[in-house]
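Colleague: build me a model:
(one chain, ligands or ions: 1)
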Amino acid sequence: MCRGVKEIEIPPRPTIKKLQGAAADCRACHLWKIGTQTVFGEGKQTSTVMFIGEQPGDKEDLAGKPFVGPAGALLDKALAEAGIDRTAVYVTNAVKHFKWEPRGKRRIHKKPNAAEITACRPWLQAEIDVVKPRAIICLGSTAAQAVIGPRFRVSVQRAQFVGSPLAPFVTATVHPSSILRAPTDEARHEEMRRFVEDLKTIWKAISSRKIHR
Ligand code: SF4
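Modeller: This next block holds a predicted model:
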């Protein structure tokens, strides 16, 4: 293990609150040095659905909360359109610190690498173990490949369920930030429509199928 890096210790009998507290001091990879703070997952411990994104963005880093920036607003809108109550879902990220590089005065998002995703994995696993969601929905390819596996392709397998020991229903769709990056209004509307459609399909499957855990 590198100098300045400290192994993650999951607190005994963890709850989301305990995990949030413990993760605040995490030094298990170098990202704690560039992020303002740990941005842990948020939501009820009894949530049925867990959304997993890639990492916090600029706004999330400053607020210390996941999905509160423009991508979060778009997720809220899509959930509302799909008839899913945001307060009934748990939202988190594969990596809990904002990785960025400077461009002028701006902080530009930089994709986390495999080592950083692996280093942060115990927190994500602990969240899954505590919440025990009925469904895990990965947002974007980084989360999908971290949670489902490197061969999962969001572009061709979006909203398809895969067998996983993590939850009865595990799938992925696009990250809302990719919708924001669509080149035209028309493309953005189409991407949003497909995203909402994915959420409706997933929600319908989760709600209709009986799974005994
Ligand atoms: S990114 Fe994850 S593993 Fe790295 S310091 Fe932050 S919380 Fe710890």
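Colleague: contacts and neighbour counts: CA atoms only from here.
Modeller: Noted.
Colleague: for the ligand, what are the nearby residues on this protein?
Modeller: For the chain, the residues in contact with the ligand (CA under 6 Å from any ligand atom) are 23, 26-32, 38, 95-97, 119-120.
Colleague: from those, which ones fall inside helices?
Modeller: When the residues of the chain next to the ligand are checked against helices using DSSP state H, the ones located there are 23, 119-120.
Colleague: rewinding a little: any chance of the residues of the chain next to the ligand in JSON lines, with pLDDT and neighbour count too?
Modeller: Converted to JSON lines, the residues of the chain next to the ligand look like this (pLDDT from 0 to 100; neighbours: other CA atoms under 10 Å):
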{"residue": "A23", "pLDDT": "98", "neighbour count": "22"}
{"residue": "C26", "pLDDT": "97", "neighbour count": "22"}
{"residue": "R27", "pLDDT": "96", "neighbour count": "18"}
{"residue": "A28", "pLDDT": "97", "neighbour count": "20"}
{"residue": "C29", "pLDDT": "97", "neighbour count": "22"}
{"residue": "H30", "pLDDT": "97", "neighbour count": "18"}
{"residue": "L31", "pLDDT": "98", "neighbour count": "22"}
{"residue": "W32", "pLDDT": "97", "neighbour count": "19"}
{"residue": "T38", "pLDDT": "98", "neighbour count": "27"}
{"residue": "V95", "pLDDT": "98", "neighbour count": "29"}
{"residue": "K96", "pLDDT": "98", "neighbour count": "31"}
{"residue": "H97", "pLDDT": "98", "neighbour count": "30"}
{"residue": "A119", "pLDDT": "97", "neighbour count": "18"}
{"residue": "C120", "pLDDT": "98", "neighbour count": "23"}
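Colleague: now the lengthiest helix in the chain: buried residues?
Modeller: Ordering each helix of the chain by length in residues (DSSP H) puts helix 185-208 first. Neighbour-count burial for helix 185-208, counted by 16 or more other CA atoms under 10 Å, picks out 188, 191-192, 194-200, 202-203, 206.
Colleague: list just the nearest of the residues you listed to Q160.
Modeller: Compare each of those with Q160 using CA to CA and the shortest gap goes to I202, at 8.2 Å.
Colleague: run through the residues that contact P150.
Modeller: For P150, the contact set (CA atoms under 8 Å, 6 or more residues apart in numbering) comprises A144.
Colleague: the one 10 residues further on too?
Modeller: Q160 makes contact with 171-172 under the criterion CA under 8 Å, 6+ apart.
Colleague: H97: what's it in contact with?
Modeller: Residues in contact with H97, defined by CA under 8 Å, 6+ apart, are 31-32, 35-39, 55-56, 61.
Colleague: again, only using 7 Å
Modeller: The contact partners of H97, by CA atoms under 7 Å, 6 or more residues apart in numbering, come to 31-32, 35, 37-39, 55-56.
Colleague: any weak-confidence spans in this structure?
Modeller: Of all residues in the chain, those with pLDDT under 70 make up the ranges 1-4, 209-213.
Colleague: so which residues of it form helices?
Modeller: For the chain, the helices identified by DSSP H occupy 16-23, 58-63, 70-82, 114-131, 141-147, 154-157, 176-180, 185-208, in order along the chain.
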